[in-house]
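Asker: I would like the atomic coordinates for the input below:
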Amino acid sequence: MRRFRSRAAVCISLLLSLIPLGAFSSSATPDVVLATMQRELKRAGTSLAKTDPAPYFMSYAVSDIDGTIIVASNGGVIFSTSVLRRQGDVMMHVGSLALDNTHNQSRASGIVSGTLPLVNDTDATARVLWQLTDREYEQASAAFAKVKTSTAVQADEEDKSPDFSTEAPLTHTDATQFPPFTGQKAWEERTRKISSIFLKYPEVYTSVVVFTATADRSYLATSEGTALVRPSAMVRLVIQAETRADDGTELMRVESFQAATADQLPGDAELEAKVAKMSADLKDLRAAPSAEPYAGPAMLSGRAAAVFFHEVLGHRLEGHRQRDENEGQTFTKKVNQLVLPAFLSVTDDPTMKELNGVKLAGYYDYDDEGVPAQRVVAVENGVLKNFLMSRMPIKGFSHSNGHGRRQPGLMATGRQGNLIVTSTNMVKDSELRQKFIEEIKKQGKPYGLYFDDIQGGFTLTQRATPQAFQVLPVMVYRVYADGRPDELVRGVDIVGTPLLSLNNIMVTGDMLQVFNGVCGAESGQVPVAAAAPAMLFSTIEVQKRRRGTERPPILPPPGVGTPAPQASGAQGGKS
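Answerer: Numbers count the residues shown, from 1 in each chain. Below you'll find the model as predicted:
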């Protein structure tokens, strides 16, 4: 999910640049690492209490990194490595809860990061933590001086909430040790074989298969007394293939799979079928007509609707966006007001491990600020009730609800986990298409658009930009009112503004479908999931997608469309 420097919330999942390399487990003994963190934290707190300005909160976070990534393309492994690394983050709030160094645009001053020794050497680890703490105090105290000057000369802010919340300290230590991944050679061969299947399909110009095996052990110690040790493990397989139409339009298909262990991933037969389907889709997309700008009835599959809600609504429910005066604050003052059709409710529940048999990528037990994960009812029967909160308070919401998330090296903000959309105005999925056709006829349109699959999208949330979104569909069909067969089209993106688009939903299907991905925003890349039923919209607008300038390859791929080599020697009396 693409990232704009304007701090737009951006999520295009399943692209290679977003496949996480970090958070893999080591054989560290939790007691040694945690005890060292707690001891050095206490020592630093005692010394820095004598400074002016003094920090009122400090925390140490350590992420053990141990894992494997394998990349294959065109029937060959092009990258394979294992990683061992331990990263330390020192976070600090200088000043007071009411005003500290992380205020407004100075949030990045609250953290510094460095690499810690892999061995469980107390003295070596403490030495690095000491160096990082000293550097962080210099950074935070200088930032706090600037914050005080800025707030003194600038106009009063509308939201005068404190910069940090108080939360109850807790202790949770999980000593589970995930065994190191031992299947690197086997998965090199397997990814090679999967990637080689694409060679049978000349319409596929580029393809890649990426396998990652990750296990994470994270540690958190805070000056409030929180102490956490949390292990986790995940494997992911991403298959991506691309082609290009004659007019230069770039076309892509992606399939991803994730599980707790490698043996839970699909078998070879299923993966070969996926590759064949992706290749067939790309061939069909190359031949499909380019769609024109359109506004009218549309139907989204459950998977497509899940991505739509993640982009259009989910990012605008993240707590810090309600406070930042550079943000559009679409829903900030709409608490207890109707923001969706009354038959829709939206929750974010990171405590859910799976839904309808599908593992949810956004599951976690504690957030990255040490607050227990919580189920949050954000919208109930169309009425806005809550936001996704980190430890940055906003007006009317003074505490975290367990949604402070980040990747190592960045400050946490309120983020989505598992966003679940439910409906009370449902029909069977088999009946939804008929209602779609009826709406097309009612509006006098020759056709409507059905969005079967979406690769991701992005949304703009700042005031300096239009409060708009752009969702990137892959498989789009014209559904004709006169009964003609559905027609695959290409080259359009869903666009619009949230307040209008979200209220164009008429009815939904009765089955939730899941979209798993990786989302990138201010606090980095975090795994997320969204689930929704299929939805019928009275109006959706699409625009033409930007077209590339490169044409398809002039030469056919090796082994396709070339003359068979002539055998040497005389044949049939000819030389």
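Asker: now do the SS call for Arg107.
Answerer: Under DSSP: H, G, I helix; E, B strand; the rest coil, the three-state class of Arg107 is helix.
Asker: mind listing what it touches?
Answerer: Residues near Arg107 by CB atoms under 8 Å, 6 or more residues apart in numbering: Met411. Every residue, glycine included, has its C-beta placed from N, CA and C.
Asker: 28 is where my numbering starts, stick with that
Answerer: Right, with 28 as the first residue, what we last looked at is Arg134.
Asker: that one and Ser550, how far apart?
Answerer: 9 Å (CB to CB, to the nearest Å).
Asker: mind listing the shared neighbours of these two?
Answerer: When contacts are counted by CB under 8 Å, 6+ apart, Arg134 and Ser550 have Met438 as shared neighbours.
Asker: show me the domain layout of this protein.
Answerer: 29-262, 321-571 (automatic domain parsing).
Asker: show me the shaky parts of this protein.
Answerer: 28-57, 485, 487-494, 587-602 (pLDDT under 70).
Asker: other residues contacting stretch 379-387?
Answerer: With CB under 8 Å, 6+ apart, stretch 379-387 has contacts from Gln285, Ala286, Ala287, Tyr390, Asn445, Ile447, Met538, Leu539, Val541, Asn543, Ala556, Ala558.
Asker: secondary structure element for the residue lying closest to the fifth one once chain neighbours are set aside?
Answerer: Which is Asn445. Nearest non-adjacent residue to Asn445, counting by CB to CB, 6 or more residues apart in numbering: Gly389, 4.0 Å away. Assigned by DSSP states H and E, Gly389 falls within no helix or strand.
Asker: tell me who's in contact with Gly389.
Answerer: With CB under 8 Å, 6+ apart, Gly389 has these contacts: Pro377, Gln443, Gly444, Asn445, Leu446, Val553, Pro554, Val555, Ala556.
Asker: what's the local residue count around the first one?
Answerer: Using other CB atoms under 10 Å, the number of residues around Pro377 comes to 28.
Asker: using the three-state scheme, assign it.
Answerer: Local secondary structure at Pro377 is given as coil here, using three-state DSSP.
Asker: verify the contact between Val366 and Glu407 for me.
Answerer: No: assessed by CB atoms under 8 Å, Val366 is found out of contact with Glu407, at 10.7 Å.
Asker: which one of those two is surrounded by more residues?
Answerer: Val366 (23 against 15).
Asker: can you tell me how far that one sits from Lys380?
Answerer: Taking CB to CB, one finds Val366 at 29 Å from Lys380.
Asker: again with Ser86
Answerer: In terms of CB to CB, Ser86 sits 27 Å off from Lys380.
Asker: so between those two, which is more surrounded?
Answerer: Neighbours were tallied for Ser86 and for Lys380 using other CB under 10 Å; the higher tally belongs to Ser86 (21 against 12).
Asker: so the more buried one: helix, strand or coil?
Answerer: Reduced to three states by three-state DSSP, Ser86 is strand.
Asker: what's the answer for the one 10 residues further on, then?
Answerer: In the three-state summary, Ile96 is assigned as strand, counting by three-state DSSP.
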